[in-house]
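Colleague: Okay, predicted coordinates and the sequence, questions at the end:
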Amino acid sequence: MAIDYLRLSLTDRCNLNCVYCTPLEKKGFLRHEDLLRHEEIARAVAAFVKAGVRKVRLTGGEPLVKKNIVGLAGMLREIPGLEELALTTNGLLLAELAAPLREAGLDRVNISLDSLKKETFAKITGHGTGASAGADAFDRVWRGVEAALEMWPRGVKLNVVLMRRLNDAEAADFARLTLDRPLAVRFIEFYATNERAARLGDALVPTAETRRRIEDALGPLEAVAPSAADGPARVYKLRGAAGRIGFISGRSDYFCGACNRVRMDCTGKVYPCLFSGPTHDLRDLLRRGAPEEALASYIKKIFLVKSNHRKDAPGSGHIEMSSIGG
Ligand code: SAM
């Protein structure tokens, strides 16, 4: 499978502190001088595109806390050959930024939202502890979802991580949202990626159970032919629904052979696989003024490392989701 998808983490900072993630537990944030500047990010992305990437997803940390994210999105969208620019966000700042981001050329948005109940949302996200989160954090996220649906009527996904004893009873509530909205709701299996997530114990709710809960409440799920935008998700629809329901089963399914993505963090480190750790670093090359051709041929070598790696099943090492964005 060709590697044509880059997930680009723009910052290690976040304005939420989710139970399975680590932004406020880290020893410190990255130093300003270690971060790639906008112009360096754009040069790196242009080289990835030259090496075969067609789709870029901005993630984090929380990408919307990145300074002048709209300007950066505009710079990236102008790169010839880039076919799609997408974003994954917690939605807190999306109500204000959706229109300018649409204007800058952003093509689609995934919003991470694990509960529709304010109390559970607060428990999961630790809101009130993050700098720009407040008591009305859930309402702000929901306004973000509505703004996104206005800007990208067919380009919004809600990503939901169900966890036992926290929000597993909400599977059908999330699925119900797809009945009259053109939303894609996607259930992502929980992953104990770090010590903090491991403290949640046996929180994994397997896809089969989530499906059962949805079908018991709302009737049968009909399989839908997946599109390129669905990635590793298996996609379904409730009868007569406007939207779709997807399952990303990283724990109970094995999809490395079909993986078409690489990741770069905000310092220029490249991860051929979420589980491999960073194996390459573009920052020095960028700062030494390497031409696009040289960057692209370096990147092609990374793609080769990935092609060899994906024959193996995922490992179980520590993953700093708050830095590399899942
Ligand atoms: N701040 C952005 C957001 O909230 O979407 C982007 C970064 S966040 C780390 C990206 C995604 O990773 C979120 O959808 C989050 O739910 C998911 N994630 C983080 N830790 C996870 C875990 N242990 N298991 C499953 N998904 C996880």
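Modeller: Cool, the structure landed. In this text the structure is predicted, and so the values were computed from the model without any measurement.
Colleague: Would you confirm that E222 belongs to a strand?
Modeller: Yes - for E222, which was evaluated using DSSP: H, G, I helix; E, B strand; the rest coil, the result is membership in a strand.
Colleague: what is it paired to in the beta sheet?
Modeller: Beta-bridge pairing for E222 (DSSP bridges): K237.
Colleague: isn't it right next to Y236, touching?
Modeller: Yes - assessed by Cβ atoms under 8 Å, E222 is found in contact with Y236 at 6.1 Å. Where you see a C-beta, it was placed from the backbone N, CA and C, and this is true even at glycine.
Colleague: between the two, which one's more packed in?
Modeller: The neighbour comparison of E222 against Y236 (other Cβ atoms under 10 Å) goes to Y236, with 20 against 12.
Colleague: isn't the more buried one right next to G219, touching?
Modeller: No - here Y236 does not reach G219: they are 11.3 Å apart, not a contact under Cβ under 8 Å.
Colleague: SS state for A208?
Modeller: A208 carries the three-state label helix when classified by three-state DSSP.
Colleague: Do I have it right that it meets S252?
Modeller: Yes - with contact defined as Cβ under 8 Å, A208 counts as touching S252 (7.1 Å).
Colleague: what helix or strand is E146 on?
Modeller: When secondary structure is defined using DSSP states H and E, the element that contains E146 is helix 137-151.
Colleague: Specify the angle between the next helix or strand after that helix and helix 137-151 in degrees.
Modeller: Scanning forward in sequence from helix 137-151 by DSSP H and E, the next helix or strand is strand 156-162. Strand 156-162 and helix 137-151 are oriented at 150 degrees to each other (axes from the mean of the first three to the mean of the last three Cα atoms, to 10 degrees).
Colleague: how far does strand 156-162 sit from the chain's center?
Modeller: Here the centre of strand 156-162 is set off from its chain's centre by 10 Å, with Cα atoms, centre = their mean, to the nearest Å.
Colleague: List the buried residues in whatever helix or strand comes next after that strand.
Modeller: Remark: after strand 156-162, the chain's next helix or strand is helix 171-176, criterion DSSP H and E. Using 16 or more other Cβ atoms under 10 Å as the test for burial, helix 171-176 gives 171, 173-176.
Colleague: Which strands and helices lie in contact with helix 171-176?
Modeller: Contact partners of helix 171-176 among helices and strands, from 3 or more Cβ pairs under 8 Å, 6 or more residues apart in numbering; DSSP states H and E: strand 156-162, strand 184-189, helix 207-218.
Colleague: what lines up beside the second one in the sheet?
Modeller: Note on strand 184-189: by DSSP bridges, its sheet partners are strand 156-162 (parallel), strand 244-248 (parallel).
Colleague: Grab the nearest non-local neighbour of whichever residue of the chain sits closest to the ligand.
Modeller: In the chain, the residue that lies nearest the ligand is G326 (2.9 Å; Cβ to the nearest ligand atom). Excluding its sequence neighbours, the residue lying closest to G326 (Cβ to Cβ, 6 or more residues apart in numbering) is T59, at 7.0 Å.
Colleague: Pretty sure the one you found sits against L8.
Modeller: Yes - using Cβ under 8 Å as the test, T59 is close enough to L8 to be in contact (6.8 Å).
Colleague: What count of nearby residues applies to R143?
Modeller: Around R143 sit 17 other residues, with neighbours defined as other Cβ under 10 Å.
Colleague: Cross-check the contact I'm expecting between it and L93.
Modeller: No - distance between R143 and L93: 10.4 Å, which falls outside the contact criterion (Cβ under 8 Å).
Colleague: Over to the residue positioned nearest the centre of the chain. Which of the three states is it?
Modeller: Centre of the chain computed as the mean C-alpha position; nearest residue by Cα atoms, centre = their mean is T88, 4.4 Å away. The three-state label given to T88 by three-state DSSP is strand.
Colleague: near the ligand, which residues of the stretch 51-200 of the chain?
Modeller: When proximity is defined as Cβ under 6 Å from any ligand atom, the stretch 51-200 of the chain approaches the ligand at 59-60, 62, 88-90, 112, 159, 161, 188, 190-191, 193, 197.
Colleague: Flag the least confident of those.
Modeller: The weakest per-residue confidence within these falls on T193 (77).
Colleague: so is that one in a helix, a strand, or just coil?
Modeller: Strictly by three-state DSSP, T193 counts as coil.
Colleague: for G81, what are its contacts?
Modeller: With Cβ atoms under 8 Å, 6 or more residues apart in numbering as the criterion, the residues that contact G81 are 49-50, 54.
Colleague: what about stretch 258-277, near the ligand?
Modeller: No - using Cβ under 6 Å from any ligand atom, we find that stretch 258-277 stays clear of the ligand, coming within 10.1 Å at best.
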